[in-house]
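[1] Dropping the sequence and predicted coords here.
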Amino acid sequence: MNVQNLNSFDPFADEGDPLGGNQDVGSQQNYLHIRIQQRNGRKTLTTLQGLPKGEVEGSSPAGHHQLIELSAEYDPKKLLKAFKKEFACNGTLVDDEEMGQVIQLQGDQRLKIVKFLTEEGIPKNTIKLHGF
């Protein structure tokens, strides 16, 4: 009598490493996060964080070349200006130690931001939408 289910068989043996060698399990590095925060009453605040970063070489007033960390394709100041003009709302750029530069907009602008960014060529699978 031969019982088949007692043999040692690993169904996931040919799959390899499920994480693909990525050590940052659960990291939020490669995503754009769009969140909404409740203020007082009906007022809300929409935040956008995780813009792609790159290194751009710039020069200081003394003439020394240094590496300045800026967004590779999207300048946060120009993006904020376009958001404010397109969505008819006010906004600001906040520097955070953990998250870098965060764009804050007044009101619930989450779906408008997603539509705007996808039209600009950012893949929708890299955008995470949080909130209610």
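    Alright, I've got the coordinates.
[2] can you pull out the strands in this protein?
    Taking DSSP state E as the test, the strands found in the chain are 32-38, 44-49, 53-59, 65-71, 91-96, 100-106, 127-129.
[3] Pick out the shakiest of those, pLDDT-wise.
    Mean pLDDT across the strands of the chain is lowest at strand 65-71; the value there is a mean of 39.
[4] elements contacting the longest helix that the chain contains?
    Looking across the chain with DSSP state H, the single longest helix is helix 76-87. Packing partners of helix 76-87 (3 or more C-beta pairs under 8 Å, 6 or more residues apart in numbering; DSSP states H and E): strand 91-96, strand 100-106, helix 110-119. Glycine gets a C-beta too; all of them are placed from N, C-alpha and C.
[5] Would you mind confirming that residue 127 is in contact with residue 120?
    No. The criterion here is C-beta atoms under 8 Å, and residue 127 misses it with residue 120 at 11.2 Å.
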